[in-house]
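In: Sequence and predicted model, in that order:
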Amino acid sequence: MSSDTHTTYAEDGAVLVDFKKGLCYRLNVVAARIWITIESSPDGITVGGIVDALETHFDVGRQQLEEDTSHWLDKLQRFGLVHQRIGQIVDSS
């Protein structure tokens, strides 16, 4: 995890502050769980691995979790907070 990024978690999600860029990002509860999963996987994690982790926290169908994961990973990549490395999602530290 980059020392330039600080995360604060709450019941309804998380706030990421990127000190280097001077930006703040608000994540809903699903996006926060995705972020936690990526954070706790320093060697990277597959999209399927993220969805597997989400299934243990949310009582919705796998297809919905896959769609939500895809949506939020796209946003996190556009924000420059994560990147994909040979099938693995990793934080951008």
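Out: Noted; the coordinates are in hand. Numbering: from 1, shown residues only.

In: List the residues that contact the residue nearest the centre of the chain.
Out: Taking Cα atoms, centre = their mean, the centroid of the chain lies closest to W35, which sits 2.7 Å from it. By Cβ atoms under 8 Å, 6 or more residues apart in numbering, W35 lies in contact with T7, A14, L16, L27, L76. Using the backbone N, CA and C atoms, a C-beta is placed for each residue, glycine as well.

In: So which residues of the chain form strands?
Out: With strands called from DSSP state E, the chain shows them at 5-10, 13-18, 23-27, 82-85, 88-91.

In: G44 and W72, how far apart?
Out: 16 Å (Cβ to Cβ, to the nearest Å).

In: out of these two, which sits in the busier spot?
Out: When G44 and W72 are compared for neighbours, W72 comes out ahead with 20 against 17, by other Cβ atoms under 10 Å.

In: ok so, going back, between the strands of the chain, which gets nearest to I50?
Out: Of all the strands of the chain, strand 88-91 sits nearest to I50, with 6.7 Å by Cβ to Cβ.

In: what does that closest one rub up against?
Out: With Cβ under 8 Å, 6+ apart, strand 88-91 has contacts from 1-2, 5, 38-39, 41-47, 50, 73, 81-84.

In: Go ahead and build a ChimeraX selection from the buried members of these.
Out: The ChimeraX selection below is limited to those of the contacts of strand 88-91 classed as buried (16 or more other Cβ atoms under 10 Å):
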select :5,38,41,44,45,47,50,73,81,82
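
In: And the longest helix along the chain, what's buried?
Out: Taking DSSP state H as the criterion, the chain has its longest helix at helix 62-78. Using 16+ other Cβ under 10 Å as the test for burial, helix 62-78 gives L65, D68, T69, W72, L73, L76.

In: Any regions of this structure where pLDDT drops low?
Out: 1-3, 86-87, 92-93 (pLDDT under 70).

In: Mind doing that once more with 90?
Out: Low-confidence segments of the chain, defined by pLDDT under 90: 1-6, 18-21, 39, 41-44, 79-93.

In: tell me the contacts of A32?
Out: A32 neighbours (Cβ under 8 Å, 6+ apart): Y9, G13, A14.

In: Neighbours of N28, how many?
Out: Neighbours of N28 under the rule other Cβ under 10 Å: 13.

In: Cheers, nothing more for now.
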